[in-house]
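K.L.:
sequence and predicted model, in that order:
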Protein chains: 4
Amino acid sequence: MTAFDALFVPAAIRDAVSGQAWLGAMLDVEGSLATACASVGAVPAASAEVIAELCAEPDAFRWDELIDQGRAVGNPVEPLVRALRARVGDEHEQFVHYGATSQDILDTAAMLVARECIAHILGDVDQAAEQCARLARAHRGTPMAARTLLQQAVPTTFGLVAAGWLVGLLDARRRLRELAEAGLAVQLGGAAGTLAALAEDGARVVDELARALDLRVPTVPWHTNRVRVAELGAALGTVAGVCGKIGLDVVLLSQTEVGEVRESTGGGSSTMPQKRNPVRATLARACARLAASHAAVLQGSLVQEHERAAGAWHAEWEALCGTLAFAGGAADAASESLAGLEVDANRMRANLDASGGLIVAERVAFVLAGRVGRGAAHELVAAAAAAPGFREALVADPRNSLSAEELDALLDPVGYLGSAEPLVDRALDRHDAERRSDG
Amino acid sequence: MTAFDALFVPAAIRDAVSGQAWLGAMLDVEGSLATACASVGAVPAASAEVIAELCAEPDAFRWDELIDQGRAVGNPVEPLVRALRARVGDEHEQFVHYGATSQDILDTAAMLVARECIAHILGDVDQAAEQCARLARAHRGTPMAARTLLQQAVPTTFGLVAAGWLVGLLDARRRLRELAEAGLAVQLGGAAGTLAALAEDGARVVDELARALDLRVPTVPWHTNRVRVAELGAALGTVAGVCGKIGLDVVLLSQTEVGEVRESTGGGSSTMPQKRNPVRATLARACARLAASHAAVLQGSLVQEHERAAGAWHAEWEALCGTLAFAGGAADAASESLAGLEVDANRMRANLDASGGLIVAERVAFVLAGRVGRGAAHELVAAAAAAPGFREALVADPRNSLSAEELDALLDPVGYLGSAEPLVDRALDRHDAERRSDG
Amino acid sequence: MTAFDALFVPAAIRDAVSGQAWLGAMLDVEGSLATACASVGAVPAASAEVIAELCAEPDAFRWDELIDQGRAVGNPVEPLVRALRARVGDEHEQFVHYGATSQDILDTAAMLVARECIAHILGDVDQAAEQCARLARAHRGTPMAARTLLQQAVPTTFGLVAAGWLVGLLDARRRLRELAEAGLAVQLGGAAGTLAALAEDGARVVDELARALDLRVPTVPWHTNRVRVAELGAALGTVAGVCGKIGLDVVLLSQTEVGEVRESTGGGSSTMPQKRNPVRATLARACARLAASHAAVLQGSLVQEHERAAGAWHAEWEALCGTLAFAGGAADAASESLAGLEVDANRMRANLDASGGLIVAERVAFVLAGRVGRGAAHELVAAAAAAPGFREALVADPRNSLSAEELDALLDPVGYLGSAEPLVDRALDRHDAERRSDG
Amino acid sequence: MTAFDALFVPAAIRDAVSGQAWLGAMLDVEGSLATACASVGAVPAASAEVIAELCAEPDAFRWDELIDQGRAVGNPVEPLVRALRARVGDEHEQFVHYGATSQDILDTAAMLVARECIAHILGDVDQAAEQCARLARAHRGTPMAARTLLQQAVPTTFGLVAAGWLVGLLDARRRLRELAEAGLAVQLGGAAGTLAALAEDGARVVDELARALDLRVPTVPWHTNRVRVAELGAALGTVAGVCGKIGLDVVLLSQTEVGEVRESTGGGSSTMPQKRNPVRATLARACARLAASHAAVLQGSLVQEHERAAGAWHAEWEALCGTLAFAGGAADAASESLAGLEVDANRMRANLDASGGLIVAERVAFVLAGRVGRGAAHELVAAAAAAPGFREALVADPRNSLSAEELDALLDPVGYLGSAEPLVDRALDRHDAERRSDG
């Protein structure tokens, strides 16, 4: 639960999901609520001021005490409200937490916590994307073997591999940004979503509170409509999954027998002096698994009872923290892995050549098909592929009408890169366009 | 896997994810690919015509044979291509499956299958939304008890409950429609995503194929960038989850001891003549669980190796079918449950009154707080709440300065509905606006 | 991740999965390893003594530093070994961590951490079982409505309900105890499972280490055979699930409209003075969801690469902690919920009688079937069930040959409890037998 | 859901989870129930005979009709009972389904379906284990590189790798066999678990029914105590996971750049004549993912309401079928992959030698540590490891006191296999012992 967090999750994100962060967010909500109520006349301005001032001092409260007291009532808001009331004194205490229910505070605070975390996560995603773009540009034409089902298939370029990672990041980032911008909404419904304690001021207080906290106004209170939480989870899980895919490829390309890339830092072993483990990529993969599992809890928590769930809502708190933390861990690890990635173009070329042309067997079969028919061509090439020397077998086969020069040209993997390079350009163009549209 | 499907999934969606549907979709892709290749001159027009004609006859092939043969190679496309080649004859066979790899066909077919299913699912979601809107309108002001942690909390209206369901459906539908419109992309990358076998025609063939099938053109081939599949899964799981929440509420409101709603059809028991089980709601809940689990497989499948995964991709086929099927089952069951829902407003009122005013204890405490201070008011009301008769205890308490008339007015639950009715209107306005924007 | 843990997880279990606990466990393993090596002569006795002494002082190390340094190499063992070596000095340092790899230490420590937690969890499960037994005994014959699909079905006794909970706990406990006794094994394989660095001493050191730590000797090192970890996860998830089922029933029976049980402590609301929420039961349900999700990560981590996985192993650390913590949270919450459960036998009886005999419609139909045939009887009873007064309709129906006295006897729910009481006895007998076999 | 099943799941298991199999199992239960009731005198012998005869003719019923009709009532048992009653005629119809509820039939049938499937699955697991044992024996001493985090670590033998797979299978099999033998119980509780409709005959009918079907007698009816179903799911998921681990290793060892093993059948590509994909291993991995996801639904379904759940139970039907099917698919695929595995010992040796001794750097450092101290030795070896030629660098380093002969001996990987071979023997001994104990 906690002992290993610091190994996976960068400090900034650990801070952003910490008890201190939640406490600060809850106090922001309580303070802003008082001010919002005052702005419509539901709460005296003097009381709102006292409350808001107190809420600006998170150090005056201790999260561990609140959470400990929260065990009895099932959430930490009730003890916080008690503490606030005790501090503001008799005159103002009735205006603390005015018209709100615990879930209003906790859900709105969750939106603030999520926003802060997502900002960090998007920063790491952007850095990872930048690294992919750099690699795609630098290795636009660097030939390497593409691998399907982990078998060498046909040639590609490392630039296109990196461009594929880049597009995955852009796709995942798009949704997370969309949600960060339009999916985070204020929660204010009172005891059961009718805003009854605010009488006719309800809608205006909601609007004011949303404005103050820079959150959206929902159609109706969303105490048990958890679509926005589930969607947040899915978007974060997707970011983590894309980073996990990058991590997986880095691990595979770093294998001793492949050796095409290498993480430049870390990864030593206490017993094996020669080891250089792909540690960042490994951590990205671990984080992707963990983020997916937490996100699945959020999906499962869509099904909540009546106006407040007995359990499914409570499970969300842990799961949202976990999804944010491990999505953050995945993005950070992927970004660091890519930033220090050493690319060995010679090894890529050597691996590509190691099959003696087999990797372009598709191409030879294709050209021969135009001469001897597809079936005969496939058969001829398959027979040669099974022989010890592919080129020699092709040359020796009487059915083969290709000259040695033609054959050598066909067998050059660099001549069979197809649209790899223009595809890299498309990915880079999109990256540039999306980066510009941010600025 | 199969034996119980027909109990959960409506026939239209079973058909839409059936082998026959997949076969038809794959043939559409192969046929359109030949035509697209011909349009750029990569394939002779005569060959394309022969191929396209054959692909228009799905009855000429048997899915069960293809899938059986597919076991040896790990997918059903290779046997289909063999069958197509055998049929078109020597002259044309080399132009079958031109420039494509099995994954191109299967992934693009998956997009077509998904589109067809989603159309059905959105239809059911729309019907469910329509039913919610009807209930929200009809019961805009019908008072009932809101329940938090399954305890009566404060009054609400059944209209607001239905409006909450409605907004959940609208939220979930928004994303699914978005993806149906902009998230379904053609897959065409050739053996490993470089479009090498199409030489310089690659990009144009992709464009033509996308146009023919009315799918998007992706930035680059997405053989191992599975964001769009994971996002589809998340959106479908969210739809199912929202339907599951409706099902859960219907089950809870249908309890013998609550009796506020009742499904009008089905639900008999073979042994208990009095039973009327909330069967549709029950099935919606079951489908929500199953859809979430399949969607989680799709999230987990984001992490795929190199240019084609060895397993994670294959797992997607089952999981995508399952997510579509059970999201469809959930939407269908929720829609049917709502369509026949009998609402017992008298029972709602009786349940509301059963606590003798306890349900508006918050309100009494609130008003008293203005007179005797919040702490004293909370204490006074809590003491009365613990007594056998709440009203009597309040009246008897000397600290209480409310007159009997004031008290009776305060204790009337219908006077404490807050913004329930305007909130219903907001939900209905949004529903109307989104429906108009479809037309 | 961390902020809310203390709300769900009891302090003893938080301590038992804390960094301090892991540190202590790792030091136990390193210390015992040195001693085990010395016992077979692989390490000088003097060195072993120095190392073991240092390892007995966990306060000499700081977990947060180790985990922080561990980020670079991907685990906290390597920095711990470095710290140990630095402390023991040049003469002994080569005998620190002798023949082991980081995973040996971490996996064996995980077994120790798990054992400690499981002891606490089993203690809570035993207490929960004891409470169930008490309730089953006390309410062996207390009639109440059994509910299927949340509809009143036929009468049962609250004793049988509690006995059902008890049997669930006994079933789940059996497996967890089995694993605690026979499923926790030492891990020692060296760099890649061959015990190469220990030369011919390997097997004896494994035996000695297992003896010292009271763990099992595995057939072969289990670096990437994670069956025992997955099984542990499943057993813990099952415990949590059974506790979640109890929590769910308590929540449902506590509903305002049902009111048959009530948690005696906690559950107040800051705004609604009348509320008494079933907080413990709610937390048990939340913990069950969270434990299941962590356990699923452990199941998914069965698939690990070669001799040490790059990610799946790392994900286990968080997931194992989480499974232990939330299984512990579920057992604790269920136990507390049951310990303070107030049972309202009068309300049970009132709910049972509320249907005017409908709840024994099955019985009436059954008896009538013997007289008029099953079809006619079912029809007759169903018609009466649909009428406003069930008994009156039965009396009025000319097809009914039962006398009023016969009918009244049949309609008495207490006369239709079947084997409820003997079944309670069976559950209690098993509970007693299993408790005796522990002692 | 269905379209791709035949690609993953062998025919025998598809049959064993088919509607026909479920129908047969349900009829077995209904037939045996009538006979059991007759044996205690609760049902006339003549009626029991008629009913049992009819139940012996599964072809007299159509599953697809039953499941279709079952949609209205939420399960297929009620229509089956109606059909049975219609067939046996007025005289006997009241003795059909005597004293039972739908869940009794469905749950007991599930036990029978599971037993049949598990027999097939254990058969495949046994075959896979046999193949592992064969490989372990044949390659007991075949040296190859062990890989941690996918980096060459130290030498091992392929025999030990296969022995590791074997032990995983043995561990997973143990639990599944245990459950097949002692975990499958009859379900008979009547409408809500009290056996009321059987009056005082309840316990004896349960015993008779269990005897007739060769199932266990549970302590009490387990309608909402789902521990046995969750445990079954976990055991099946574990089997699938172990098979997935084998599949993953086969995929990795089959990589073009590794080439140490190769599946001997299947795996051709329609476009790339040289491809030989590890298809069986790939399918095993896909099945492992799918089985885990279905098993997680069963874990989640532990939390069920009251005496019969509204949804969680229903979700089990699909999930149990899926877990059985894909565990079966995983075992079958792993078994086939192993049966045809070609092992290339030369390539193993070549890969081992490729690092020029780096793979035994640990050993060199270890020996040097005895001479120059651990720190200096580690430094010296690490420096040499970073040089272009490891052996040359070691020889050239003045701090190195090893002679060239000593060094060559140390650098021979075959000299550093540790306990690999005795560990193989331990695994084989256990395999033999467990096989003997079956016979």
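P.N.:
Done, it's in. Computed from a predicted structure; not experimentally measured. Numbering: from 1, shown residues only, chains lettered A, B, ... in the order given.
K.L.:
doesn't A:E91 lie inside a strand?
P.N.:
No - A:E91 is assigned coil when assessed by DSSP: H, G, I helix; E, B strand; the rest coil, not a strand.
K.L.:
contact partners for it?
P.N.:
With C-beta atoms under 8 Å, 6 or more residues apart in numbering or on different chains as the criterion, the residues that contact A:E91 are A:S47. Just so you know, the C-beta spots here come from the backbone N, C-alpha and C atoms, and that holds for glycine as well.
K.L.:
could you redo the last one with a cut-off of 10 Å?
P.N.:
Contacts of A:E91 were listed using C-beta atoms under 10 Å, 6 or more residues apart in numbering or on different chains, and they are A:P44, A:A46, A:S47, A:V50, B:G373.
K.L.:
with A:D15 instead?
P.N.:
By C-beta under 10 Å, 6+ apart, the contact list for A:D15 reads A:V9, A:A21, A:E116, A:C117, A:H120.
K.L.:
tell me the buried residues in the host helix or strand of it?
P.N.:
Per DSSP states H and E, A:D15 falls inside helix A:11-16. Going by neighbour count (16 or more other C-beta atoms under 10 Å in any protein chain shown), the buried part of helix A:11-16 is A:A12, A:I13, A:R14, A:A16.
K.L.:
from these, which is closest to D:E336?
P.N.:
Distances from D:E336 to those, taken as C-beta to C-beta, are shortest for A:I13 (45.0 Å).
K.L.:
cross-check the contact I'm expecting between that closest one and A:D332.
P.N.:
Yes - contact between A:I13 and A:D332 holds when scored by C-beta atoms under 10 Å: they sit 7.5 Å apart.
K.L.:
overlap in contacts of these two?
P.N.:
A:H120, A:I121, A:D124.
K.L.:
quick one: low-confidence ranges for chain A?
P.N.:
Along chain A, the model assigns pLDDT under 70 to residues A:1, A:266-273, A:439.
K.L.:
all strands of it, in order?
P.N.:
Counting by DSSP state E, one finds strands in chain A at the ranges A:143-148, A:151-157, A:261-263, A:341-343.
K.L.:
redo these as TSV? Include mean neighbour count and distance to B:S293.
P.N.:
Listed next are the strands of chain A as TSV, based on neighbours: other C-beta atoms under 10 Å in any protein chain shown; distance: least, C-beta to C-beta, whole Å:
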stretch	mean neighbour count	distance to B:S293
strand A:143-148	27	28
strand A:151-157	28	31
strand A:261-263	22	35
strand A:341-343	17	36
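K.L.:
quick check: A:C117 vs chain C, distance?
P.N.:
Applying C-beta to the nearest C-beta, to the nearest Å, one obtains 11 Å for the distance of A:C117 from chain C.
K.L.:
need the contact list for A:C132.
P.N.:
By C-beta under 10 Å, 6+ apart, the contact set of A:C132 is A:159, A:161-170, A:246, A:334-335, A:338, A:341, A:427-428, A:431.
K.L.:
how far away is the residue nearest to it when sequence neighbours are not counted from A:R134?
P.N.:
Spatial nearest neighbour of A:C132, chain neighbours left out: A:L166 (3.7 Å); criterion: C-beta to C-beta, 6 or more residues apart in numbering or on different chains. A:L166 sits 10 Å away from A:R134 when distances are taken as C-beta to C-beta, to the nearest Å.
K.L.:
the two: which has the busier surroundings?
P.N.:
Neighbours per residue, other C-beta atoms under 10 Å in any protein chain shown: of A:L166 and A:R134, the larger number sits with A:L166, 29 against 15.
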